[in-house]
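Sequence plus predicted model, see below.
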Amino acid sequence: MAFESLSDKLQHVFKNLRGKGRLSEADVKAALKEVKMALLEADVNFKVVKQFIKTVQERAIGQDVMNSLTPGQMVIKIVNEELVALMGSETTEISLLPGNEITVILMAGLQGAGKTTTTAKIAGKLKAKGRKPLLVACDIYRPAAIQQLQINGERQDVPVFSMGDKNSPVDIAKAALEHASKNGNNVVILDTAGRLHIDEAMMDELAAMKAAVPVHQTILVVDAMTGQDAVNVAGMFQEKIGIDGVILTKLDGDTRGGAALSIRAVTGRPILYIGMGEKLSDLEQFYPDRMASRILGMGDVLSLIEKAQAEVDEEKAKELEKKIRKAEFDYNDFLEQLHQIKNMGGMTSILGMMPGMGQMKNAAEMVDDKAMDRVEAIIYSMTPKERANPDSINLSRKQRIAKGAGVDISEVNRIVKQFGQMKKMMKQLPGMMGGKPGKKGKFKLPF
């Protein structure tokens with residue numbers, strides 16, 4: 001996950017600070033030297049790091065901090081506040097014109113950044129807010145770019161305007177605006193062509209499109225995994241054509257995350273969204289304060305709650321509660337819970353949003369997402385009758401299930417045993433919630 005290495009290093013620095021009763025100026029400078037190295041290793045822009053450390057040091061060596069009863073905590077608070085300020089302090093939305101006025105959004109970026117997929121993700125977000133978006137296929141060069149947009153548009157239930165690859169992007173953009181006006185679309189999103197690197201032809205084409213149609217928002221899509229290069233690309237786009245905001249993709253990958261900490265300072269433009277996966281729903285609003293909390297290992301409970309609200313069906317949740325109270329929880333219900341966890345990004349992602357859990361080195365091993373896939377395979381190898389009646393699973397059935405799932409019978413035995421423990425624990429929950437003491441059994445997640 002992004003920031004994992006940076007987060008670990010910063011938590012180590014802060015752990016040492018917390019352990020000191022009083023802080024000297026030398027203690028603060030030594031700690032900030034480690035913070036500086038951690039930020040540079042995370043590929044944060046050198047000038048940004050230099051200014052950040054200078055600002056934090058000036059605040060941290062003040063009398064209020066040095067004379068505080070908890071100076072270590074005060075330094076952490078300052079670092080948190082300055083991280084938030086670095087990333088923009090306030091959450092920024094895509095600016096839209098009111099009512100039925102047509103907002104034109106131009107999506108720009110290099111090839112491979114995930115621009116076309118992100119364009120469809122944005123359309124889905126705006127549709128969910130009551131807007132009537134129109135996706136426009138202006139990438140006439142990349143093979144299958146038009147088809148990719150059409151497929152993603154269909155999945156989002158958003159119309160796609162295309163004139164094939166024989167017309168110029170400028171003419172396509174003009175025609176799309178007329179089409180939107182006639183068909184009641186109040187947001188036009190132009191998916192433009194990218195290149196492997198910045199060149200004059202691409203910039204000239206984008207400039208021509210901005211001159212031909214009234215573009216209200218120019219949004220740059222950059223790949224967070226390219227680190228400092230992403231910041232350089234953003235700076236050049238801002239200089240050449242002007243941008244209003246940035247979307248960082250692939251922030252769920254093995255990236256050092258420096259781009260998220262540098263882009264605002266370098267371009268003066270906010271990060272609007274972050275891409276956290278391949279699915280069309282994997283696009284999160286960017287909250288500077290929540291991102292700072294994640295980086296410092298403080299969790300992100302608000303995002304976790306929002307994910308849960310988006311993925312959990314309220315009626316199904318009530319039905320499940322009734323089943324738990326009656327001890328009727330079966331493998332079908334368990335499968336439903338696994339699907340909801342996956343839709344929320346998996347247990348590793350969920351744990352990363354919980355305060356303190358980022359410091360648990362073995363947390364990922366405890367809830368290995370690949371192990372969850374094996375549990376899912378085992379449940380799918382059961383017959384509908386077995387899923388609905390867990391007690392019916394005898395030795396011969398376990399052997400057949402193991403064979404069907406491609407696992408050793410010991411894994412099936414473990415799942416069946418731990419599922420039984422989980423049912424017993426759930427049977428005690430109603431009494432425990434009513435204030436009656438229940439037995440505390442040793443329960444372990446079955447994955």
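In hand now; what should we look at? Residues are numbered from 1 along each chain as shown.

Next secondary structure after the lowest-mean-pLDDT helix or strand in the chain?
Every helix and strand in the chain was compared by mean pLDDT, DSSP states H and E; the lowest is helix 363-366, with a mean of 44. Next along the chain after helix 363-366, taking DSSP states H and E as the criterion, comes helix 369-380.

How far does that following helix sit from its chain's centre?
In this view, helix 369-380 has its centroid 23 Å away from the chain centroid, taken as C-alpha atoms, centre = their mean, to the nearest Å.

List the buried residues for that helix?
For helix 369-380, the neighbour count (16 or more other C-beta atoms under 10 Å) marks Ala371, Met372, Arg374, Val375, Glu376, Ile378, Ile379 as buried. In short, each C-beta sits where N, CA and C put it, glycine included.

What helices and strands are in contact with it?
The helices and strands touching helix 369-380, judged by 3 or more C-beta pairs under 8 Å, 6 or more residues apart in numbering; DSSP states H and E, are helix 331-343, helix 346-352, helix 395-405, helix 409-433.

other SSEs contacting the helix or strand that that helix is followed by?
Following helix 369-380 in sequence order, the next helix or strand is helix 384-388 (DSSP H and E). For helix 384-388, the elements it packs on are helix 331-343, judged by 3+ C-beta pairs under 8 Å, 6+ apart.

now the helix it packs on, how far from the chain's geometric center?
20 Å.

Send me it as CSV with only the CA atoms.
Provided in CSV are the C-alpha atoms of helix 331-343 (Å, rounded to 0.1, in the frame of the first residue of the first chain):
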residue,chain,number,x,y,z
TYR,A,331,-22.2,-20.2,5.1
ASN,A,332,-24.4,-18.1,2.7
ASP,A,333,-24.4,-15.3,5.3
PHE,A,334,-20.7,-15.7,5.8
LEU,A,335,-20.1,-15.5,2.0
GLU,A,336,-22.1,-12.3,1.9
GLN,A,337,-19.9,-10.8,4.6
LEU,A,338,-16.7,-11.8,2.7
HIS,A,339,-18.1,-10.0,-0.4
GLN,A,340,-18.7,-6.9,1.5
ILE,A,341,-15.2,-6.9,3.0
LYS,A,342,-13.8,-7.3,-0.5
ASN,A,343,-15.9,-4.4,-1.8
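
averaged over its residues, what pLDDT does that helix have?
The average pLDDT within helix 331-343 is 77.

Next, the angle from that helix to helix 369-380.
150 degrees (axes from the mean of the first three to the mean of the last three C-alpha atoms, to 10 degrees).

Please, where are all the strands along the chain?
Secondary structure of the chain by DSSP state E: the strands cover 103-108, 133-137, 160-161, 187-191, 217-223, 245-249, 271-275, 283-285.

for the fifth one, packing partners?
Pointing back at strand 217-223 there. Counting by 3+ C-beta pairs under 8 Å, 6+ apart, strand 217-223 packs on strand 103-108, helix 115-128, helix 228-240, strand 245-249.

among the ones you listed, which gets the worst mean confidence?
helix 228-240 (a mean of 88).

Could you export that helix as PDB, keeping only the C-alpha atoms?
The C-alpha atoms that make up helix 228-240 are tabulated as PDB, following Å, rounded to 0.1, in the frame of the first residue of the first chain:
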ATOM      1  CA  GLN A 228       8.700  12.400  -8.600                       C
ATOM      2  CA  ASP A 229       8.000  12.000 -12.400                       C
ATOM      3  CA  ALA A 230       4.300  12.500 -11.600                       C
ATOM      4  CA  VAL A 231       5.100  15.800 -10.000                       C
ATOM      5  CA  ASN A 232       7.200  16.900 -12.900                       C
ATOM      6  CA  VAL A 233       4.500  15.900 -15.400                       C
ATOM      7  CA  ALA A 234       1.900  17.900 -13.400                       C
ATOM      8  CA  GLY A 235       4.200  20.900 -13.300                       C
ATOM      9  CA  MET A 236       4.700  20.800 -17.100                       C
ATOM     10  CA  PHE A 237       0.900  20.400 -17.800                       C
ATOM     11  CA  GLN A 238       0.200  23.400 -15.500                       C
ATOM     12  CA  GLU A 239       2.800  25.500 -17.300                       C
ATOM     13  CA  LYS A 240       1.800  24.600 -20.800                       C
END
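
thinking again about what came up before, kindly report which one of the helices and strands packed on helix 369-380 carries the lowest mean pLDDT.
helix 346-352 (a mean of 60).

For Ile378, list the residues it contacts.
Ile378 is in contact with Ile401, Ala402, Ala405, Val407, Glu411, Val412, Ile415, counting by C-beta atoms under 8 Å, 6 or more residues apart in numbering.

ok, the residue nearest to Met203 when sequence neighbours are not counted to Ala234 distance?
Counting by C-beta to C-beta, 6 or more residues apart in numbering, Met203 lies nearest to Lys240, which is 4.7 Å off, once chain neighbours are set aside. Remark: distance between Lys240 and Ala234 (C-beta to C-beta, to the nearest Å) = 11 Å.

cool, Met209 as well?
Counting by C-beta to C-beta, the gap from Met209 to Ala234 is 19 Å.

likewise Gln147?
28 Å.

higher neighbour count, the two?
Ala234 (24 against 12; other C-beta atoms under 10 Å).

pretty sure that one contacts Ala265?
No - in this structure Ala234 lies outside contact range of Ala265 using C-beta atoms under 8 Å: 10.7 Å.
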